[in-house]
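*Asks:* Sequence unavailable; structure follows:
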């Protein structure tokens, strides 16, 4: 039996591990300065730690950042370590961020996703998000720019985990 993952607040000391995941995932990753600015202004950051079978910390499996204001929350970044994908890490982090959004008074949640990111789209749709718009040329890509689909989910009257 493996130990339960731990979701906890993101702190500055997590940034080296976060940047390793970020750089392994994205063509143009966020910089340390962007993450530090998000923490400095009070955005909600969460990390998911996994433990080894012996219970010792094995490292960060993923992270997420959320801003909340004016009855809405926006998932700014949600990322899972490459070796942890397909294990439910993204779903756990997404649900934790949505719960934080509800606690902050958000009635709806928004995010952007690349249409080419089938795994993320599948997760978001399974968690109740619907496409409500397109931001043309939003993401940098190896061959120029890629659109972003804007997704929205109602939080009022819904369990943030389902």
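*Replies:* Nice, thanks for sending it over. Owing to the predicted nature of the structure, the values given are computational and were not obtained by experimental measurement.

*Asks:* make it CA atoms for all contacts and neighbour counts henceforth
*Replies:* Fine.

*Asks:* Show me where this protein has its strands.
*Replies:* 6-9, 44-51, 57-69, 72-80, 108-113, 130-141, 144-154 (DSSP state E).

*Asks:* Now render those strands as TSV, adding mean neighbour count.
*Replies:* Formatted as TSV, these follow (neighbours: other C-alpha atoms under 10 Å):
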stretch	mean neighbour count
strand 6-9	15
strand 44-51	21
strand 57-69	21
strand 72-80	21
strand 108-113	21
strand 130-141	14
strand 144-154	17
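
*Asks:* Compare those and report which one is nearest to residue 31.
*Replies:* Residue 31 lies closest, by C-alpha to C-alpha, to one member of the strands of the chain: strand 72-80, at 12.4 Å.

*Asks:* Hmm, residue 29 is touching residue 18, no?
*Replies:* No - with contact defined as C-alpha atoms under 8 Å, residue 29 does not count as touching residue 18 (10.5 Å).

*Asks:* Those two: which is more packed in?
*Replies:* Using other C-alpha atoms under 10 Å as the criterion, residue 29 and residue 18 rank with residue 18 on top: 25 against 15.

*Asks:* who's in contact with the more buried one?
*Replies:* Each residue near residue 18 by C-alpha atoms under 8 Å, 6 or more residues apart in numbering is listed here: 60, 62-63.

*Asks:* Now the helix ranked longest in the chain: buried residues?
*Replies:* For the chain, the longest helix by residue count, based on DSSP state H, is helix 89-103. Under the neighbour-count criterion of 16 or more other C-alpha atoms under 10 Å, helix 89-103 has 89-102 buried.

*Asks:* Distance to residue 36 and mean pLDDT for the strands of the chain - can I get that in a markdown table?
*Replies:* As requested, the strands of the chain are exported to a markdown table (distance: least, C-alpha to C-alpha, whole Å; pLDDT from 0 to 100):
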| stretch | distance to residue 36 | mean pLDDT |
| --- | --- | --- |
| strand 6-9 | 14 | 94 |
| strand 44-51 | 11 | 92 |
| strand 57-69 | 11 | 90 |
| strand 72-80 | 13 | 96 |
| strand 108-113 | 20 | 96 |
| strand 130-141 | 21 | 90 |
| strand 144-154 | 24 | 93 |
